[in-house]
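1. Got a sequence here, can you model it:
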Amino acid sequence: MIPVRPSKIVCVGRNYRAHARELGNEVPPVPMLFFKPPSALVGPGDPIVLPTASKQVEYEAEIGVVVGRRLSGAGEDEAEAGLDGFVCLNDVTCRDLQKTDGQWGRAKGYDTFCPVGPAVARGLDWRRLEVIGRVNGQEKQRAPATDMQFQIPFLVSFISGIMTLEPGDLIATGTPAGVGQLHDGDVVEVEIPGVGTLSNPVRNGSPR
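-> Next comes the predicted model:
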């Protein structure tokens, strides 16, 4: 079951320095924003479907932030107070299409490319959160939230200064180093201790 139904999914790119470096990129001077469509959402146990148009689909374990109240032009204190909770999120990406297209809508927007779950965890201090990514039980990613270049209250405040955030909207806060390719038959997990573990199988898709 998908635990959130956002009107929009706002994602932050290159928000961990080590991840930016592993892809040969600089950390941007302000948050780099992009969107995933709500149609990309799937829940725990749902398959991630590999599109035939891509030869390099990768996992990106992330801390998802769920907005709890309407925020527009919010300061950092208001933004932090306006959070509903946190959820595990996988920003699945066609890395080859991301490079060739020059923009990220197709690479990030396929159906099944935004697994979230298992539930929204409330009452947690974002400073104590850590995100872990695993494939077939092997740890691939691990980093504390405090390693983010732009930390959570600032991100929410920054985004709310551009677009009004509505209750239930979802913010993907970026992925740490260690991303890698997914293959048919893999099982990919995103864990945030205190929040839960999100697990999804991977399968090849049919031509469209």
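2. so where's this structure uncertain?
-> 19-20, 23, 25, 207-208 (pLDDT under 70).
3. residues in contact with the nearest residue to D84 once chain neighbours are set aside?
-> Among residues not flanking D84 along the chain, G68 sits closest, at 3.2 Å (Cβ to Cβ, 6 or more residues apart in numbering). For glycine as for every other residue, the C-beta is placed from the backbone atoms N, C-alpha and C. Going by Cβ atoms under 8 Å, 6 or more residues apart in numbering, G68 touches 82-85, 167.
4. again, only using 7 Å
-> Applying Cβ atoms under 7 Å, 6 or more residues apart in numbering, we find G68 in contact with 82-84, 167.
5. For the residues you listed, work out which two are farthest apart.
-> L83 and P167 (10.7 Å; Cβ to Cβ).
6. Between those two, tell me which one has more neighbours.
-> L83 (20 against 14; other Cβ atoms under 10 Å).
7. residue ranges of the helices in the chain, please?
-> 17-22, 76-81, 95-101, 105-109, 152-160 (DSSP state H).
8. Which neighbouring elements make contact with the third one?
-> Right, the one you point to is helix 95-101. helix 105-109 (3 or more Cβ pairs under 7 Å, 6 or more residues apart in numbering; DSSP states H and E).
9. So which other helices or strands are in contact with the helix it packs on?
-> strand 32-36, strand 93-94, helix 95-101.
10. That helix: which residues count as buried?
-> 107-109 (16 or more other Cβ atoms under 10 Å).
11. Equivalent analysis for stretch 132-143, please.
-> Buried, per 16+ other Cβ under 10 Å, within stretch 132-143: 132-135, 140-143.
12. What lies in contact with that stretch?
-> Outside stretch 132-143, the residues that reach it (Cβ under 7 Å, 6+ apart) are 16, 59, 61, 130-131, 175-178, 180, 186-191.
13. Sort out which of these are buried, if you could.
-> Applying 16+ other Cβ under 10 Å to the contacts of stretch 132-143 flags 16, 59, 61, 130-131, 175-178, 186, 188-191 as buried.
14. Of all the helices and strands packed on helix 105-109, which one is nearest K55?
-> helix 95-101 (5.7 Å).
15. can you list contacts of that closest one?
-> Residues outside helix 95-101 that contact it (Cβ under 7 Å, 6+ apart): 53-56, 58, 104, 106-107.
16. Most neighbours of all those, which one?
-> Highest count within the contacts of helix 95-101 by other Cβ under 10 Å belongs to A107, 25 neighbours.
17. Who are the contact partners of it?
-> Contacts of A107 by Cβ under 7 Å, 6+ apart are 93-94, 97-98, 101.
18. what about D186, distance to G13?
-> 24 Å (Cβ to Cβ, to the nearest Å).
19. I'd like to know which of the buried residues of stretch 132-143 is nearest to K8.
-> G133 (24.1 Å).
20. Check the burial of L155 by counting its neighbours.
-> 24.
21. Numbering from 43 from now on, please.
-> All right, first residue 43 from here; so that's L197.
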